[in-house]
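Undergrad: Give me a 3D structure for the following:
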Amino acid sequence: MAGPGVHERNRDHLAGKLPLAERGTAIIPAGGLSQVPLSNSGAQGYYRYDYDTAALQALGSSADELLTPEERISVVGNEWALMQVGLHGAGDYLALGAQFKNTPGYVLLDNFFTQLQFVDRNVVTVSDRPALQAWLNQTFSPVLQQLGYSGRPSETPIEKQKRAVLLYALGNIGNNPEAISQANAIAQQYIKSPSSVDGSLADAAIKVAARHGDAALYAQYRAQLKNNLSPEAHYLFFHALAEFPSPELAQQTLSWSLTPEVRNQDLYILDSLVDNPSTRVVSWDFMRQHFDEVDKKAGGGLWGGDLYLGAGYSFCDEKLRAELEDFYRQHPFEGKEREEKRMLERISDCIALRSQQQQKLSAWLQQNGKSMNGVSAAAAKQ
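TA: Residues are numbered from 1 along each chain as shown. Predicted coordinates:
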C-alpha cells in the first residue's frame, strides 16, 4: 500500500458502505488525506481496528490536535489488543504510549503503566530490562518533573492522581533513583503526619519505598499496624508488606497471615505476595504447603478457591502452570471448574505471548532503550 492506511478488522463500521452482517477485512487508503482518520471516532465503537505503522505514527503525532483523551485511551487499548494477538509488536505499544504521554488526566497513563508492568514481568528478558527502564525514565521522567513531587494548593484531584501513577511507575518499573528517594521521604512524612500527604500519593510512595526497602523499613511498617490508625492508613501499610523484595521478609508476612492478627478477609495478601516476582516462588510454595490452614481460615469452599485462583493470575511459566494444574487435581474446588480451566488457558496464552513478543521487544529496545544521558542501555552494559 502506498502511504498510511487503516485496516478495519470489522468492516461493517465503514460508514454504512457494507452490510452489517458482512464481516472481514477492508483497507482504507489514507495516503491522499491530510490527516489520518480515526476509526473509532468518539471511542463509541465495540470493535478492533488495525493501523499500519506509518498511520499509527502519524495518528500519534497529531494526537494533541485531533484526538480527545477518550479517543487516545481507546487507541492505546486497541493497540494492546493487537499486540496480544500478534498483529503488532510490544514496541509499537510502547511507542504509542510515549506519543500520548502528555494526555490530560491520569486514566490513559494508569492503563498504559498497568500493561507496561505486565510486559516488564512477563515479556522482557533480564538482560533487556535495563533498556526498558532507561526508555521509561527517559520518556516519562520529564512528565513527573513538570508536575512536581509535591502538590500545589490550586491543583485538581486528577493532577494528584496523575502524580501518584507516575511515581509508582517510575519507582517500581523504572527503578528511578530520584523517584525512589522521593517515595522514601514521602512515606516517612506520612508516618509522622498522615494528614500532610495526599492519600493517593501516600499509597504510591509507601509501596515504592517498600519495593526497595529493607528489614528496618519492614519492621517500621509492621509497627504502624499496631497503632490506632484509620482504616485507610492501616491498609496502606498492610498492602505494602507484600511489596518488599526479600523472600525472608515475605516468609514473615506469610506466617503472620495465618495468625489471629490478620483478619480472615485479609488473607488476599497471599495473592499479593505471589504477585510480587521477587517473592512469588516462596509464597506459592507456602500456599500449597499450608493448604489446610489457609483453607480453614478462608472458611473453605469458594473463598478458598478464589485465593488460589488469584495466585494463578500472576503465573506465566510452564513449571508454575504444571504445579497449579497438579494442585487443582489434588484440591478440587466444587463450582470453580470452569474458572480453573480458564485460568490455565490464560497462563498458556501468557507463555505464548512471551514467546511471540520477546525477541521483537528486544530488537525494539536495542534501538529505543536510551539511558538518561542518551547512551544506549545495551552499550552501557558492555
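Undergrad: Model confidence score at Gly304, please.
TA: pLDDT recorded at Gly304 is 74.
Undergrad: Hmm, I typed the wrong one, I wanted Gly42.
TA: The predicted structure lists Gly42 with a pLDDT of 60.
Undergrad: Show me the strands in this structure, by range?
TA: Assigned by DSSP state E, the chain shows strands spanning 5-8, 26-29, 49-51.
Undergrad: Counting residues, which helix of the protein comes out longest?
TA: Secondary structure of the chain read by DSSP state H shows that its longest helix is helix 337-368.
Undergrad: Tell me the buried residues in that one?
TA: Of all the residues in helix 337-368, those buried under the rule 16 or more other CB atoms under 10 Å are 340, 343-344, 347, 350-351, 353-354, 356-358, 360-362, 364-365, 368. All C-beta spots, glycine's among them, are computed from the backbone N, C-alpha and C.
Undergrad: Could you point out which residue ranges in the stretch 251-382 of the chain have low pLDDT?
TA: The stretch 251-382 of the chain contains residues with pLDDT under 70 at 301-303, 370-382.
Undergrad: quick one: the spatially most central residue of the chain and Leu108, what's the gap?
TA: For the chain, the residue nearest the mean C-alpha position is Thr114 (2.2 Å; CA atoms, centre = their mean). Using CB to CB, to the nearest Å, Thr114 is found at 11 Å from Leu108.
Undergrad: what do you get for Ala209?
TA: Using CB to CB, one obtains 26 Å as the distance from Ala209 to Leu108.
Undergrad: ditto for Lys319
TA: Lys319 sits at a distance of 35 Å from Leu108 (criterion: CB to CB).
Undergrad: got a list of what the closest residue to Leu254 other than its chain neighbours touches?
TA: Once its chain neighbours are removed from consideration, Leu254 has its nearest residue in Phe286; the separation is 4.5 Å (CB to CB, 6 or more residues apart in numbering). Counting by CB atoms under 8 Å, 6 or more residues apart in numbering, Phe286 makes contact with Gln251, Leu254, Leu270.
Undergrad: Most neighbours among these, which one?
TA: Ranked by the number of neighbours (other CB atoms under 10 Å), the contacts of Phe286 place Leu270 first, at 26 neighbours.
Undergrad: Test my guess that that one contacts Glu293.
TA: No: the pair Leu270 and Glu293 does not pass the contact test of CB atoms under 8 Å, sitting 11.1 Å apart.
Undergrad: So what does the closest residue to Asp275 other than its chain neighbours have for phi and psi?
TA: Using CB to CB, 6+ apart and skipping the chain neighbours, the partner closest in space to Asp275 is Ser314 (4.6 Å). For Ser314, the backbone dihedrals (degrees, to the nearest 10) come out as phi -90, psi -10.
Undergrad: okay, now Ser314: neighbour count?
TA: Using other CB under 10 Å, Ser314 has 22 other residues around it.
Undergrad: show me what contacts it?
TA: Asp271, Val274, Asp275, Arg280.
Undergrad: and which of these is nearest to Pro247?
TA: Arg280 (9.4 Å; CB to CB).
Undergrad: ok, now which ones touch the nearest residue to that closest one once chain neighbours are set aside?
TA: Using CB to CB, 6+ apart and skipping the chain neighbours, the partner closest in space to Arg280 is Val274 (5.4 Å). Each residue near Val274 by CB under 8 Å, 6+ apart is listed here: Arg280, Ser283, Trp284, Met287, Gly310, Ala311, Ser314.
Undergrad: just checking, the fifth one touches Asp271?
TA: Yes: using CB under 8 Å, Gly310 makes contact with Asp271 at a distance of 3.8 Å.
Undergrad: Which residue of the two possesses the greater neighbour count?
TA: Comparing Gly310 with Asp271 by neighbour count (other CB under 10 Å), the higher total belongs to Asp271, at 20 against 17.
Undergrad: can you tell me which residues contact the more buried one?
TA: In this structure, Asp271 makes contact with Leu307, Gly310, Ala311, Tyr313, Ser314, judged by CB under 8 Å, 6+ apart.
Undergrad: if I look at the second one, how far off is Ala219?
TA: Summarising the geometry, the distance separating Gly310 from Ala219, computed by CB to CB, is 27 Å.
Undergrad: May I see the domains of this structure written out as residue ranges?
TA: Following the assignment in automatic domain parsing, the chain carries domains at 1-100, 245-368.
Undergrad: who wins for proximity to Arg121 among these?
TA: domain 245-368 (5.6 Å).
Undergrad: quick one: that closest one to chain centroid distance?
TA: Using CA atoms, centre = their mean, to the nearest Å, the mean C-alpha position of domain 245-368 is found 16 Å from that of the whole chain.
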